[in-house]
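Participant: Provided below for reference: sequence and predicted model.
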Amino acid sequence: MTQHALVPRQRNRERPLLLDLFCCAGGAARGYTDAGFSVHGVDLVDRSARYPYPFHQGDALTVLADLIGSGEIRRYSAVHASPPCQAGCALTVGTNASRGWGRTHPQLIPELRVLLDATGLPYVIEQPTGTAPVRPDLRLCGEMFGLGVLRHRVFELGRWTTAQPAHPRHRGYVRGWRHGIYRDGPYVAAYGAGGGKATIPEMQTAMGITWTDVREELTEAIPPAYSRWIGRTLLDHVRTGVVA
């Protein structure tokens, strides 16, 4: 696959093809690949230098609409989407809104969902646990996988489902300053900078993402452990149409 073109799906029953929309540097993609999928990524920003799989630069909604219109979407077995989350994240709707900080962020999820439903494929929409308009069909936390981040995320599951895993008790605080108080703890804050937040090497280690050292890409990523767990059950659904 070239950087700017999607190529025909290979006839390989062992590795169905998954479309990774708003892919950033590939945190979700790595997990799905580990679970048994082949992955194509799409992002508006050129991530080709670090995204570890075939990559297409373009607007994700436009690319998806074109694939549906041409029928080429049938090359794929599933879709994952991590649309921009700033419109619904806790910081935007909480502290920033109360203090008049920040700016207006686009909310792409309703339009995205219409397109995903039109594919006829099983899909996953990932968002932070804020006010984004997604169904919280699944909630995952880094402590479920023994990670060094909490990074709570919700996932809307379209055309398939899976059981919710137990949410273990957190082992302590996220390290850093909050409301003028510094707390130490077993988790690092993988967002922003300063205030005791994680360094780039700390974020890489905590999330299991070693192929990029770009702070913005790390702060936007989900740990591959999340999509690895999701991908194993999704793969069963793709192959059999039945969720274990």
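Facilitator: That came in fine, so what should we check first?

Participant: Okay, buried residues for stretch 216-225 please.
Facilitator: Across stretch 216-225, burial judged by 16 or more other Cβ atoms under 10 Å covers 217-225. Yep, even glycine has a C-beta here, placed from its N, CA and C like the rest.

Participant: average pLDDT across it?
Facilitator: Stretch 216-225 comes out with an average pLDDT of 96.

Participant: just curious, which of the buried residues of stretch 216-225 is nearest to Gly172?
Facilitator: In terms of Cβ to Cβ, no member of the buried residues of stretch 216-225 lies closer to Gly172 than Pro223, at 18.4 Å.

Participant: surely the closest one meets Gly148?
Facilitator: No: judged on Cβ atoms under 8 Å, Pro223 makes no contact with Gly148 at a distance of 9.4 Å.

Participant: shared neighbours of the two, anything?
Facilitator: 142, 207 (Cβ atoms under 8 Å, 6 or more residues apart in numbering).

Participant: before we move on, back to that, can you tell me which of the buried residues of stretch 216-225 is nearest Ile73?
Facilitator: Out of the buried residues of stretch 216-225, the member with the shortest distance to Ile73 (by Cβ to Cβ) is Ile222, at 23.5 Å.

Participant: need the contact list for the closest residue to that closest one other than its chain neighbours.
Facilitator: Distance criterion Cβ to Cβ, 6 or more residues apart in numbering; nearest residue to Ile222, sequence neighbours excluded, is Gly27 at 4.9 Å. Going by Cβ under 8 Å, 6+ apart, Gly27 touches 207, 209, 221-224, 227.

Participant: Try it again at 10 Å.
Facilitator: Each residue near Gly27 by Cβ atoms under 10 Å, 6 or more residues apart in numbering is listed here: 20, 82, 126, 207-209, 211-212, 217-218, 220-227.

Participant: And for Gly31?
Facilitator: Contacts for Gly31 (Cβ under 10 Å, 6+ apart) come out as 37, 39, 80, 208, 222-232.

Participant: In those, which residue is surrounded by the most others?
Facilitator: Taking other Cβ atoms under 10 Å as the neighbour criterion, Ser227 ranks highest of those with 31 neighbours.

Participant: Pretty sure that residue sits against Ala78.
Facilitator: No: look at Ser227 against Ala78 with Cβ atoms under 10 Å: they stay out of range, at 11.1 Å.

Participant: Excluding covalently adjacent residues, which one is nearest to Gly36?
Facilitator: Distance criterion Cβ to Cβ, 6+ apart; nearest residue to Gly36, sequence neighbours excluded, is Leu235 at 4.9 Å.

Participant: same thing with Asp43?
Facilitator: Excluding the flanking residues, the one nearest Asp43 by Cβ to Cβ, 6+ apart is Cys23, at 4.9 Å.

Participant: likewise Pro110?
Facilitator: Pro110 sits nearest to Pro133 (Cβ to Cβ, 6+ apart), 6.6 Å away.

Participant: and the one you found, how many neighbours?
Facilitator: For Pro133, the neighbour count with other Cβ under 10 Å is 13.

Participant: For it, report the pLDDT, please.
Facilitator: We have a pLDDT of 94 for Pro133.
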